[in-house]
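J.: Build me a structure from this.
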Amino acid sequence: MAEIKYEIIKTIGILSTSAKGWTKELNLISWNDRAPKYDLRDWAPEHQKMGK
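T.: Presented below is the predicted three-dimensional model:
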């Protein structure tokens with residue numbers, strides 16, 4: 001499987017935080033060097049992992 005490359009261009013806002021520190025965020029993200037899109041998903045602390 002190919003590696004997915006992403007860059008968070010701008011954090012719009014954090015909507016919620018779980019007890020384990022994960023946050024639901026609205027971000028402007030560039031996926032695989034393409035034009036940035038709005039993205040709503042769960043993120044682990046320090047953006048190490050992401051949810052679907």
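
J.: Just the element for residue 3, please.
T.: Per DSSP states H and E, residue 3 falls between elements, in no helix or strand.

J.: Would you map the strands across this protein?
T.: 6-17, 23-31, 37-43 (DSSP state E).

J.: and those, which is most packed in?
T.: A comparison of these by mean neighbour count, using mean count of other C-beta atoms under 10 Å, puts strand 23-31 on top with a mean of 16. C-beta: built from backbone N, CA, C; applies to glycine.

J.: Which strands and helices lie in contact with that one?
T.: Contacts defined by 3 or more C-beta pairs under 8 Å, 6 or more residues apart in numbering; DSSP states H and E place strand 23-31 against strand 6-17, strand 37-43.

J.: Please convert those to a markdown table, extending it with distance to residue 31.
T.: Formatted as a markdown table, the helices and strands packed on strand 23-31 follow (distance: least, C-beta to C-beta, whole Å):
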| stretch | distance to residue 31 |
| --- | --- |
| strand 6-17 | 5 |
| strand 37-43 | 7 |
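
J.: re earlier: could you export the strands of the chain to a markdown table, including columns for mean pLDDT and distance to residue 50?
T.: What follows is the strands of the chain, written out as a markdown table (pLDDT from 0 to 100; distance: least, C-beta to C-beta, whole Å):
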| stretch | mean pLDDT | distance to residue 50 |
| --- | --- | --- |
| strand 6-17 | 97 | 8 |
| strand 23-31 | 98 | 9 |
| strand 37-43 | 98 | 5 |
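
J.: got TSV for these, with distance to residue 52 too?
T.: Converted to TSV, the strands of the chain look like this (distance: least, C-beta to C-beta, whole Å):
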stretch	distance to residue 52
strand 6-17	14
strand 23-31	12
strand 37-43	7
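
J.: Of all those, which one comes closest to residue 51?
T.: Shortest distance between residue 51 and the strands of the chain, using C-beta to C-beta, is found for strand 37-43: 3.4 Å.

J.: Report the backbone C-alpha coordinates of that closest one in CSV.
T.: Taking C-alpha atoms only, strand 37-43 is exported to CSV below (Å, rounded to 0.1, in the frame of the first residue of the first chain):
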residue,chain,number,x,y,z
LYS,A,37,-9.4,20.6,1.4
TYR,A,38,-11.4,20.9,4.6
ASP,A,39,-11.1,17.8,6.8
LEU,A,40,-13.0,16.8,9.9
ARG,A,41,-11.4,13.9,11.8
ASP,A,42,-10.1,12.6,15.2
TRP,A,43,-6.4,13.2,15.9
